[in-house]
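Enquirer: Just need the structure, nothing else, for what follows:
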Amino acid sequence: MISAIRGKGAGKRAAGVAGLLVAVTLGGAALAAPAYADDVYGHCRGEGVRIRAAASTSSSVVGLCYSDHRLAHRDVSGDGQWDKIYDATTGVSGWISHGYWSW
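Expert: Numbers count the residues shown, from 1 in each chain. The predicted structure is shown next:
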């Protein structure tokens, strides 16, 4: 009887720990690049468009965006040629060439 009770408790503890790990993982992703109340959302005009670390073609690629990704617009470069975005689909933040941003 005691081993049966102990077994049930262990299963509940394991499920609780698994749920906590999922919550922490999801919460960590949300904290990495949070959405802002004034975000304006749009999408990428292309498939596999490079998201770069800085507003330059020589900057490293940090991700790719696709037409079905939801992008939050964050800023525009000084020359107006680049848009800073947050890809809400993948969690990647970076810069894309202005021609690939669409409202």
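Enquirer: Pull out the buried positions in stretch 84-95.
Expert: By neighbour count with 16 or more other CB atoms under 10 Å, stretch 84-95 contains the buried residues Lys84, Ile85, Tyr86, Asp87, Thr90, Val92, Ser93, Gly94, Trp95. From N, CA and C alone the C-beta is placed, and that goes for glycine too.
Enquirer: got it, and stretch 46-64?
Expert: Neighbour-count burial for stretch 46-64 flags Gly46, Val49, Arg50, Ile51, Arg52, Ala55, Val62, Gly63, Leu64 (criterion: 16+ other CB under 10 Å).
Enquirer: so how far is Ile51 from the nearest residue to Ala54 once chain neighbours are set aside?
Expert: Sequence neighbours aside, Trp95 is the residue nearest to Ala54 in space, at 6.3 Å (criterion: CB to CB, 6 or more residues apart in numbering). Going from Trp95 to Ile51 by CB to CB, to the nearest Å gives 7 Å.
Enquirer: Okay, buried residues for stretch 76-85 please.
Expert: Using 16+ other CB under 10 Å as the test for burial, stretch 76-85 gives Trp82, Asp83, Lys84, Ile85.
Enquirer: Would you confirm that the residue nearest to Ala54 contacts Ala53?
Expert: Yes - taking contacts as CB atoms under 8 Å, Trp95 lies within contact range of Ala53: 7.4 Å.
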